[in-house]
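[1] coords please:
(2 chains)
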Amino acid sequence: AQKVTQAQTEISVVEKEDVTLDCVYETRDTTYYLFWYKQPPSGELVFLIRRNSFDEQNEISGRYSWNFQKSTSSFNFTITASQVVDSAVYFCALSEAYYGGSQGNLIFGKGTKLSVKP
Amino acid sequence: NAGVTQTPKFRVLKTGQSMTLLCAQDMNHEYMYWYRQDPGMGLRLIHYSVGEGTTAKGEVPDGYNVSRLKKQNFLLGLESAAPSQTSVYFCASRTRQGPNTGELFFGEGSRLTVL
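    Okay, the predicted model is just below:
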């Protein structure tokens, strides 16, 4: 069975600190996809990144970076120089491969609430 | 672009009442989903549909029914609401093929309170 664990329920940092959100996943599939979504206080869900299981390259997008390590089944998310606007709940998610007609349903972790204080 | 639209945004029900949440997407997506979000529980899949006329159960389907009569619409029904169904409901859709397949597009959520 697939499972996503975000062990950090809440994190509080001061602006400009770096912060890493942890995500550990379980799956028996050899091909799968990992995602991060952001949910700001306004409530909408914002897609941040998708990574497939064959691509272990780290990715950087501005202040955001993602570290994917298959050896430890982790897909961690780092915010550099955090800002107040980064305050949100962040969800990590996993889906099986969806080519060939598979429905590829996303399984979400329980989320990490990040509070960035000025 | 409207994307994914949910109606209503807020609703208060009494135990035993029925209601329907409507999800509409204008992106011609094949797949549609209903999730519920509860504090500390993340998002849990209720039902989903892989195409017009098809539906399937997700992780927490009990107490809900769905229909996908038109490709652009996915309805979530509560026949006899219970307080345990107090939650925020999110609809999502995604395309089946192409470079962006896998990315879920979410609606803004519908907050339902059952008294």
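[2] ok, and the closest non-adjacent residue to residue 87?
    No chain was given, so I picked chain A. Nearest non-adjacent residue to A:Ser87, counting by CB to CB, 6 or more residues apart in numbering or on different chains: A:Val116, 4.9 Å away. The way it works is simple: take the backbone N, C-alpha and C, and place the C-beta from them, glycine included.
[3] wait, chain B
    Of all residues beyond its chain neighbours, the one nearest B:Ser87 is B:Arg36 (4.3 Å), with distances taken as CB to CB, 6+ apart.
[4] what do you get for A:Cys92?
    A:Cys92 sits nearest to A:Cys23 (CB to CB, 6+ apart), 3.5 Å away.
[5] please report phi then psi for that neighbour.
    Taking degrees, to the nearest 10, you get phi -140, psi 120 for the backbone angles of A:Cys23.
[6] same question, B:Thr55
    Dihedral angles (degrees, to the nearest 10) for B:Thr55: phi -140, psi 160.
[7] residues contacting it?
    Residues near B:Thr55 by CB atoms under 8 Å, 6 or more residues apart in numbering or on different chains: B:47-49, B:66-68.
[8] can I get these in a markdown table with distance to chain A, secondary structure and neighbour count?
    Below are the contacts of B:Thr55 laid out as a markdown table (distance: CB to the nearest CB, whole Å; DSSP: H, G, I helix; E, B strand; the rest coil; neighbours: other CB atoms under 10 Å in any protein chain shown):
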| residue | distance to chain A | secondary structure | neighbour count |
| --- | --- | --- | --- |
| B:His47 | 11 | strand | 23 |
| B:Tyr48 | 6 | strand | 24 |
| B:Ser49 | 9 | strand | 22 |
| B:Val66 | 14 | strand | 23 |
| B:Ser67 | 17 | strand | 15 |
| B:Arg68 | 13 | coil | 20 |
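[9] who does the helix or strand of chain A with the lowest mean pLDDT pair with, and is each partner parallel or antiparallel?
    Scoring the helices and strands of chain A by mean pLDDT, DSSP states H and E places strand A:59-61 at the bottom, with a mean of 86. When pairs are called by DSSP bridges, strand A:59-61 turns out to pair with strand A:64-69 (antiparallel).
[10] buried set for the strand it pairs with?
    Neighbour counts using 16 or more other CB atoms under 10 Å in any protein chain shown place A:64-68 of strand A:64-69 among the buried residues.
[11] any idea how far that strand is from the chain center?
    Between the centre of strand A:64-69 and the centre of its chain there are 9 Å (CA atoms, centre = their mean, to the nearest Å).
[12] what's it in contact with?
    Contacts for strand A:64-69 (CB under 8 Å, 6+ apart): A:34, A:36, A:48-49, A:51, A:55-60, A:74-80.
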